[in-house]
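1. Predicted model, plus sequence, below.
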Amino acid sequence: MDPKFIRNFAIIAHIDHGKSTLSDRLLEITGSLTQREMQAQVLDAMDLERERGITIKAHSVRMMYQAKDGNTYQLNLIDTPGHVDFSYEVSRSLASCEGALLVVDASQGVEAQTLANAYLAISNGLEIIPVINKIDLPSADIPRTKEMIENTVGLPADDAIAVSAKTGLNVEAILEAVVHLIPPPEGKADAPLQALIFDSWFDPYKGVIVLARVINGTLRTGQRIRLMSNGRTFDVESMGVLTPKPVEISTLSAGEVGFFVATIKDVADTKVGDTITDPSNPAAEPLPGFEDIKSMVFAGLYTVESHEHGALREALGKLKLNDASFSFEPESSVALGFGFRCGFLGLLHMEIIQERLEREFGLDLITTAPGVRYKIHLTGPRSESNIVEVENPSRWPDPTTIDFIEEPVITAKILTNEEYVGGILKLVEDKRGKQKNFEYVSGSRVMITYELPLNEIVLDFYDRLKSVSRGYASLDYHLSGMWTSPMVKMDILVSGEPVDALSVIVHRDFAYERGKALVHKMKELIPRQMFEVAIQAAIGSKIVARETVSAIKKDVLAKCYGGDISRKRKLLDKQKEGKKRMKRIGKVDIPQEAFLAVLKVG
Ligand code: GTP
């Protein structure tokens, strides 16, 4: 197609501001979907996404739109994930576009992720069209939302398009704006091939499917391609576009977006952000912006039943086929047996994988407290060989051999109302934060910028932020450096025995308080046994806190009088249910929650 008639755009928004609803409406108006096919939120393909109402994987849809100028345009809508954990994927999706719709909920206004995504779009040089959504709501405030877009995001909002994605009101105006305001793609059709990979997934029948934007040159069925990051070559077997139904095509020319299948067996080969070229006429250099993304959050995954270990390995392998950004390797724990140390992009990513393992593969899991990767400089000469990277407390070196430790640090932007600032500042200070900026962005809205150790965020930061702000705070963060911090390993002993899976890495100055809170929480979680159980927190051989679970005095059934058999059965069932997720350590049954108790204290 003549690039003059192509428009590539994304929709960016804070979670729940209406991105999926608006996408559906655009598909409907362009006739890409008939009413009957119109299933709520077609772009959110996976069940899990639908249930959680979040978009995990980026997709793209081609729509044909006859504009008021009489011309028919090819509009490629590129869907982007909305959560901070996936911001690299968002940035690559945006790099495949010339423009973006910035959707802001008229009743909520600009939120932290509106801002983070808008900045990503601006830094990718995109034309941004502000869209104010949900104007059908009684609480919609269009003038205030415009003011926030201007003051907070720094974009002119006079011409912002006010719509209701739900009712369809004024949505067509968006399509006209896309055609007239977003520039057509600029690539050269006769230059050597450069195509940007912005998503890929594994299909059990077809192998790996790659979504790409051709920047220069042409991609053809039957052609040999080379991936520039790893030099591997493959043959393109078939190509297509989603309308949203897959439709086969034979070429993708400069400026176009589509998917292809090319004898690729492993998604790990098709890295998001990589450049595809033609080995017989290769591009001189790859497209800018490629990063090999690394896991940031780590946790141990174990099965409650040890005989399910093989099933867990198989399930992890299957998930990995579709998600190259997650990693796993075998680890073993004295307490939990054989399991896997898994690496994730962030906490949400971890929750998604955990949930899929339980739901799709029917596994009962025990997860250890999530942690981060530390850079430990050992005593002795300063050299690379004297630095170890440790993400597993069980591999923590002997403290006498440690010179100093560096921990990953994030820059967090929190957007809130002034009435919640007090509570939030206390929270970030408690979490070892350092203030970088504090500004009023519009009216009573405040933007707080802090540097915080990632280790503090992976514990209970989101939940605490939500509760101190009653939900009126939004957070966005990115990794921004390392701090030198005196971290120590704290062990938890149950009946005098260290339970390796409960060890955590904490800041030395917080160890005493954390230890106290942790053993207290454990005391509540560990059921009473026939004997007394001591729970201790220790750093090396020094005990910093202790609690005791006293022994059971009476049989639980003794509480039931006479022959109330149904009540008895209920109690027994309840006990059985409780047992399901217990792990026997020595003589003591420890419930799953205890392994995560560290998350609930802080
Ligand atoms: P993520 O995929 O989580 O980023 O969410 P999203 O931005 O795609 O939001 P989604 O389209 O799922 O909409 C979130 C909620 O807002 C849903 O309950 C929608 O029905 C509702 N919603 C979306 N647009 C409108 C609108 O114009 N008016 C009203 N009243 N509700 C809307």
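-> It's in.
2. Could you use CA atoms for every contact and neighbour count after this?
-> Noted.
3. in terms of contact, does residue 340 touch residue 309 like I think?
-> No - applying C-alpha atoms under 8 Å, one finds residue 340 not in contact with residue 309, separated by 9.3 Å.
4. and these two? which has more neighbours close in?
-> Comparing residue 340 with residue 309 by other C-alpha atoms under 10 Å, the one with more neighbours is residue 340, at 22 against 19.
5. Going by secondary structure, that one is in what exactly?
-> According to DSSP states H and E, residue 340 maps onto strand 337-344.
6. So what's the residue count around residue 127?
-> Residue 127 has 18 neighbouring residues, counting by other C-alpha under 10 Å.
7. show me the contacts for it.
-> 98-100, 181-183 (C-alpha atoms under 8 Å, 6 or more residues apart in numbering).
8. Backbone dihedrals for the closest residue in space to residue 409 that isn't next to it in sequence, please?
-> Excluding the flanking residues, the one nearest residue 409 by C-alpha to C-alpha, 6 or more residues apart in numbering is residue 453, at 4.3 Å. Dihedral angles of residue 453 (phi, psi; degrees, to the nearest 10) stand at phi -70, psi 140.
9. Residue 430 is in contact with residue 453, correct?
-> No - counting by C-alpha under 8 Å, residue 453 sits too far from residue 430 to count as a contact (11.3 Å).
10. circling back: could you redo the contacts of residue 127 as a markdown table and give each row pLDDT, secondary structure and neighbour count?
-> Output for these, formatted as a markdown table (pLDDT from 0 to 100; DSSP: H, G, I helix; E, B strand; the rest coil; neighbours: other C-alpha atoms under 10 Å):
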| residue | pLDDT | secondary structure | neighbour count |
| --- | --- | --- | --- |
| 98 | 97 | coil | 22 |
| 99 | 97 | strand | 27 |
| 100 | 97 | strand | 26 |
| 181 | 97 | helix | 14 |
| 182 | 98 | coil | 22 |
| 183 | 97 | coil | 20 |
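11. Okay, and whichever residue of the stretch 351-500 of the chain sits closest to the ligand sits in which element?
-> Nearest residue of the stretch 351-500 of the chain to the ligand: residue 474, at 13.4 Å (C-alpha to the nearest ligand atom). Per DSSP H and E, residue 474 falls inside strand 473-484.
12. what's the overlap in contacts for residue 340 and residue 309?
-> residue 302.
13. Spatially nearest residue to the closest residue to the ligand within the stretch 301-450 of the chain (excluding sequence neighbours)?
-> Relative to the ligand, the nearest point of the stretch 301-450 of the chain is residue 348 (12.4 Å; C-alpha to the nearest ligand atom). The spatial neighbour of residue 348 that comes closest, neighbours along the chain excluded (C-alpha to C-alpha, 6+ apart), is residue 85 at 6.8 Å.
14. what about that neighbour, how many neighbours?
-> 21.
15. Just the pLDDT at it, thanks.
-> If you check residue 85, the pLDDT there is 72.
16. Tell me if I am right that it is in a helix.
-> Yes - read with DSSP: H, G, I helix; E, B strand; the rest coil, residue 85 is one of the residues of a helix.
17. what helix or strand is the residue of the stretch 301-450 of the chain closest to the ligand on?
-> Here residue 348 is assigned to helix 347-361, by DSSP H and E.
18. who does whichever helix or strand comes after that helix pair up with?
-> Downstream of helix 347-361, the next assigned helix or strand under DSSP H and E is strand 365-367. Applying DSSP bridges, strand 365-367 is found paired with strand 297-303 (antiparallel).
19. average model confidence for the partner strand?
-> Per-residue pLDDT values across strand 297-303 average out to 92.
20. ok, then the element right after that strand?
-> Next element after strand 297-303 (DSSP H and E): helix 309-322.
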